[in-house]
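Student: Just a sequence and a predicted model for now, questions to come.
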Number of protein chains: 2
Amino acid sequence: MTHVAVVGHLARTDGAFSLNDLPSGGGRMDVLCRCVTASLFLSRSLRRDVEWCSLVLLGPPAPPKTVKFSGGSVRSLNPDERSPAALVKKALSIPCGSEFRESSAGVSVRKGGLSRLVEEQRFGVLDEQGSDIRTADDLPDAFLLSDHLNFSPDEETLLSVCPKFSVGPAVLHAESAITVLLNELDRRALAWK
Amino acid sequence: MTHVAVVGHLARTDGAFSLNDLPSGGGRMDVLCRCVTASLFLSRSLRRDVEWCSLVLLGPPAPPKTVKFSGGSVRSLNPDERSPAALVKKALSIPCGSEFRESSAGVSVRKGGLSRLVEEQRFGVLDEQGSDIRTADDLPDAFLLSDHLNFSPDEETLLSVCPKFSVGPAVLHAESAITVLLNELDRRALAWK
């Protein structure tokens, strides 16, 4: 089971953003929504083997929060940006504590961010300086990457023990890096490599 | 120089769709917009080596039309779905004839569809039944794929002479297939393969 986690450095932590303005009003929530789509969608079905796509939200007014989508149980999710955005907005509109609380089928929210996530799971980090995913002997089950901004120095310190992997010679948007990563995992799982 | 073309079987051919409802009102214009983003964006720049991303629009009221985005000259394009959608909407709002007419910087529109495009350029078709792009000795410069629907029998006939390539064992959304394709082309261009 695969886990993809994305850090949204500016992403709002309440539901007070408009679905018509995800880039500015949502703190680049558009990036995170495309990451959800890239993580969970196949052409005519969902990637039920993606256990979680987690969004670590660090923007105002109440950071950090983590919203996670379960590939196995999410419902009412379409691939356009507004669809995951509406589910994130709903998750951010309910009271939440330190444990995950379900806001809609397969979508949950809790307080807490990257440090807690890294305690719970050993991640590989997608990073242009990492080793090539195609030539890596083994790949982990969990991958972490940043949105349109670089990791902060504190985050870099937190992640310094994680192995780093690159998806290719061009530096891609987060959602594109996820797509290339999952293609590599598909190939390994089905002996296409 | 790379050319990516996507057939939008239901995509509207006038500007009478709302940016707030690309999936239904636009005839799955959201799919085509994500294909533009996947074709043209790197993390912090545009793929200036993508000569064209062409959208073949076959929906009402005036099919077929083709809108093309130039990686080399497009301006005012952001990666969220609404941004390319606004440029497509503008292109579809001007009168056009049989030759491409620029509607905004790097975006042009003409009447005509797939048969004309195929006369002008030799395409490889992205198809799950095709040969693996990773193991193909040579790849063409131009690639064609369908939106969320299969090619029609007439389109299949038109494309029967084109070589077919698969991006992997899982059947992906059109924009994801483009992302994996461009990763393969990046790797070949920069000797990462």
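Tutor: Perfect, thanks for sending it.
Student: helices or strands next to the lengthiest helix in chain A in the packing?
Tutor: When chain A is scanned for its longest helix (criterion: DSSP state H), the result is helix A:174-189. Applying 3 or more CB pairs under 8 Å, 6 or more residues apart in numbering or on different chains; DSSP states H and E, we find helix A:174-189 packed against strand A:2-8, helix A:29-40, strand A:124-132, strand A:142-146, helix B:174-189. Using the backbone N, CA and C atoms, a C-beta is placed for each residue, glycine as well.
Student: tell me which residues in that helix are buried?
Tutor: For helix A:174-189, a neighbour-count test (16 or more other CB atoms under 10 Å in any protein chain shown) marks A:174-188 as buried.
Student: re the thing from before, let's have the helices and strands packed on helix A:174-189 in TSV, adding distance to A:Lys111 and mean pLDDT.
Tutor: Formatted as TSV, the helices and strands packed on helix A:174-189 follow (distance: least, CB to CB, whole Å; pLDDT from 0 to 100):
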stretch	distance to A:Lys111	mean pLDDT
strand A:2-8	15	98
helix A:29-40	18	97
strand A:124-132	23	97
strand A:142-146	19	98
helix B:174-189	32	97
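Student: So which of these is nearest B:Val6?
Tutor: With CB to CB as the measure, helix B:174-189 is the member of the helices and strands packed on helix A:174-189 nearest B:Val6 (5.8 Å).
Student: so which of the helices and strands packed on helix A:174-189 gets nearest A:Cys96?
Tutor: That would be strand A:2-8 among those, by CB to CB, at 16.4 Å.
Student: got the angle for that closest one vs helix A:29-40?
Tutor: Here the directions of strand A:2-8 and helix A:29-40 differ by 170 degrees (axes from the mean of the first three to the mean of the last three CA atoms, to 10 degrees).
Student: and the angle for strand A:2-8 with strand A:142-146?
Tutor: 20 degrees.
Student: what's strand A:2-8 packed up against?
Tutor: Packed next to strand A:2-8, using 3+ CB pairs under 8 Å, 6+ apart, are helix A:29-40, strand A:50-57, strand A:142-146, helix A:174-189.
Student: where are the low-confidence patches of chain A?
Tutor: Scanning chain A for pLDDT under 70 picks out A:193.
Student: List, one by one, the residues from it near chain B.
Tutor: Contacts of chain A with chain B, taken as CB under 8 Å from any CB of the partner chain, map to A:19-20, A:22-23, A:30-31, A:34, A:37-38, A:41-44, A:78-82, A:132, A:134, A:148, A:167-173, A:176, A:179-180, A:182-183, A:186-187, A:189-190, A:192.
Student: how about 7 Å then?
Tutor: Neighbours of chain B within chain A, by CB under 7 Å from any CB of the partner chain: A:20, A:22-23, A:30, A:38, A:41-44, A:78-81, A:132, A:167-173, A:176, A:179-180, A:183, A:186-187, A:190, A:192.
Student: Please pick the buried ones from these.
Tutor: Counted by 16+ other CB under 10 Å, the residues of chain A next to chain B give A:22-23, A:30, A:38, A:41, A:79-81, A:167-170, A:172-173, A:176, A:179-180, A:183, A:186-187, A:192 as buried.
Student: and A:Ser104, how many residues sit next to it?
Tutor: For A:Ser104, the number of neighbouring residues by other CB atoms under 10 Å in any protein chain shown comes to 16.
Student: Next one: it relative to A:Gly113, how far apart?
Tutor: Distance of A:Ser104 to A:Gly113, computed by CB to CB, to the nearest Å: 21 Å.
Student: host element of A:Ala16?
Tutor: Using DSSP states H and E, A:Ala16 sits in no helix or strand.
Student: To clarify, my last question referred to A:Ala85.
Tutor: helix A:82-92.
Student: Apart from its chain neighbours, what residue comes closest to A:Phe100?
Tutor: Using CB to CB, 6 or more residues apart in numbering or on different chains and skipping residues adjacent in sequence, the residue nearest A:Phe100 is A:Ser108, 4.0 Å away.
Student: how about the nearest residue to A:Leu144, chain neighbours excluded?
Tutor: A:Phe123 (4.1 Å).
Student: should've said A:Pro64
Tutor: A:Gly113 (2.8 Å).
Student: List the contacts of the one you found.
Tutor: When contacts are counted by CB atoms under 7 Å, 6 or more residues apart in numbering or on different chains, A:Gly113 touches A:56, A:58, A:63-64, A:66.
Student: and A:Arg12, what is it in contact with?
Tutor: Shown in contact with A:Arg12 (CB under 7 Å, 6+ apart): A:26-27, A:29, A:57, A:59-60.
Student: do that again at 10 Å, thanks
Tutor: By CB atoms under 10 Å, 6 or more residues apart in numbering or on different chains, the contact list for A:Arg12 reads A:22, A:25-29, A:57-63, A:65, A:88-89, A:92.
Student: Over to it. Which of the three states is it?
Tutor: coil (DSSP: H, G, I helix; E, B strand; the rest coil).
Student: and the gap between it and A:Ala62?
Tutor: Taking CB to CB, one finds A:Arg12 at 9 Å from A:Ala62.
Student: Can you check which residues contact both of those two?
Tutor: Common neighbours of A:Arg12 and A:Ala62 (CB under 10 Å, 6+ apart) are A:Leu92.
Student: burial of the residue nearest to A:Lys164 when sequence neighbours are not counted, as a residue count?
Tutor: Of all residues not flanking A:Lys164 in the chain, A:Gly130 sits nearest, at 3.2 Å (CB to CB, 6+ apart). Neighbourhood size, A:Gly130 [other CB under 10 Å]: 16.
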